[in-house]
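Student: Predicted coordinates and the sequence they were generated for:
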Amino acid sequence: MNYWLVKSEPSAYSWDDFVKQGVGVWDGVRNYQARNNMQAMKVGDLVFFYHSNEGLEVVGLAKVVKEAYQDPTTEDTRWVVVEMTAVEKFPKTVTLKQMKADERLSDLALVRQSRLSVTPVKPEEFDIIIGLAHEG
């Protein structure tokens, strides 16, 4: 199993929007590195849902339910989508500030490549973020 983080501006597509939808189609990605990450996603992989621009925090956990296929929002065959479903809204959000302050997360792709909308998460980073979301 692999772990990922996807970013969305809550004013455009929030965690609550995602949950209401049931199965979310992650579309509109127009960055090659983010696209390559999406192409590497497999059914069952776990995905952090991060609110960007507003909030700057991991708010929940999703699961990949359908692997990459042609993005229906464009005829350009270079772009793909994946489908995900919500697993859990975290009891505590994990803020970007917390992640940047935790030296164990200094290599986290979100910290190093802050503009990328789909990034891999190492297993040990996944465990740390899960721990932060459930502590207290």
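Tutor: Structure's in. What do you need?
Student: For the helix ranked longest in the chain, C-alpha coordinates in PDB please.
Tutor: Secondary structure of the chain per DSSP state H: the longest helix is helix 123-134. Provided in PDB are the C-alpha atoms of helix 123-134 (Å, rounded to 0.1, in the frame of the first residue of the first chain):
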ATOM      1  CA  PRO A 123       4.800   5.300   5.600                       C
ATOM      2  CA  GLU A 124       6.600   6.800   8.600                       C
ATOM      3  CA  GLU A 125       5.200  10.300   7.700                       C
ATOM      4  CA  PHE A 126       1.800   8.800   7.300                       C
ATOM      5  CA  ASP A 127       2.000   7.300  10.800                       C
ATOM      6  CA  ILE A 128       3.200  10.600  12.400                       C
ATOM      7  CA  ILE A 129       0.300  12.600  10.800                       C
ATOM      8  CA  ILE A 130      -2.200  10.000  11.800                       C
ATOM      9  CA  GLY A 131      -0.800  10.200  15.400                       C
ATOM     10  CA  LEU A 132      -1.100  14.000  15.400                       C
ATOM     11  CA  ALA A 133      -4.700  13.800  14.100                       C
ATOM     12  CA  HIS A 134      -5.700  11.400  17.000                       C
END
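Student: so what does that helix touch, helix or strand wise?
Tutor: If you count contacts as 3 or more CB pairs under 8 Å, 6 or more residues apart in numbering; DSSP states H and E, helix 123-134 packs onto strand 3-8, strand 46-51, strand 57-70, strand 80-95. Where C-beta positions appear, they are placed from N, C-alpha and C, glycine not excepted.
Student: in what helix or strand does Met38 lie?
Tutor: Taking DSSP states H and E as the criterion, Met38 maps to helix 32-40.
Student: Sounds good, over and out.
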